[in-house]
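Peer 1: got a sequence here, can you model it:
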Amino acid sequence: MQVDAKGPGISRNHLKIIKVVDGDGLWVEDIFTKTQEEIRLPCIDAPEIKRCRKLIQDERETHLPEQLLIEPGLQSWQYLRGLAQIGVSVSIRTESNYSTDPYGRTLAYVFLPDGSCLNEKMIEDGFAKPYNKYYCNSIAEYQRLNFLAKIAGKGLYFRVTDF
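Peer 2: Numbers count the residues shown, from 1 in each chain. Predicted structure coming up:
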């Protein structure tokens with residue numbers, strides 16, 4: 001992912017993952033101050049893993065029952081847990097105008113030690129979709145990656161075509 005390092009926003013290092021909440025959220029801890037912070041991965045949306053307002057809305061919109069909607073959420077959560085293992089050091093970058101959501105979570109791109117971006121990996125591998133409720137510089141690229149994941153049948157887009 002090409003996040004503009006010189007563009008407006010704030011980068012922070014010296015964080016480690018302490019918990020993966022679901023397919024688009026996690027908790028980090030500053031290794032020096034021990035302060036903890038909830039991170040919401042902006043520009044992506046993974047299916048829900050428990051009953052909440054968004055799951056009820058998804059049920060209405062898709063006409064699918066809760067359990068059918070939760071199963072892909074659990075798969076997405078498992079995938080993120082594999083990428084973002086507890087104790088792994090990460091760096092984050094926020095966009096200057098949209099650094100928190102209405103729930104007080106930090107909206108941040110999360111980078112692993114190898115330089116890969118969790119937000120991008122979740123889209124690229126088909127375990128989340130692009131989400132533009134909050135402004136995001138990467139939305140056009142994420143829409144392109146999502147289209148490629150669908151065509152390839154990756155992640156939650158997996159299709160059995162031949163037996």
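
Peer 1: low-confidence ranges in the chain?
Peer 2: Within the chain, the segments meeting pLDDT under 70 span 1-8, 55, 65, 68, 134, 159-163.

Peer 1: for it, what's the longest strand?
Peer 2: strand 9-22 (DSSP state E).

Peer 1: quick one, helices of the chain?
Peer 2: 53-62, 66-83, 118-124, 139-152 (DSSP state H).

Peer 1: excluding chain neighbours, what is closest to Lys69?
Peer 2: For the record, residue 69 is Leu, not Lys. Distances taken as CB to CB, 6 or more residues apart in numbering put Asp58 closest to Leu69, at 5.5 Å, once the chain neighbours are dropped. The C-beta positions use only the backbone N, C-alpha and C, and glycine is treated the same way.

Peer 1: residues touching the one you found, list them.
Peer 2: Pro47, Glu48, Leu64, Leu69 (CB atoms under 8 Å, 6 or more residues apart in numbering).

Peer 1: how near is it to Lys129?
Peer 2: 12 Å (CB to CB, to the nearest Å).

Peer 1: ditto for Asp45
Peer 2: 6 Å.

Peer 1: Lys121 touches Ser76, doesn't it?
Peer 2: No: using CB atoms under 8 Å as the test, Lys121 is too far from Ser76 to be in contact (11.6 Å).

Peer 1: which residue is nearest the centroid of the protein?
Peer 2: By CA atoms, centre = their mean, the chain has its centre lying nearest to Asp24, at 3.3 Å.
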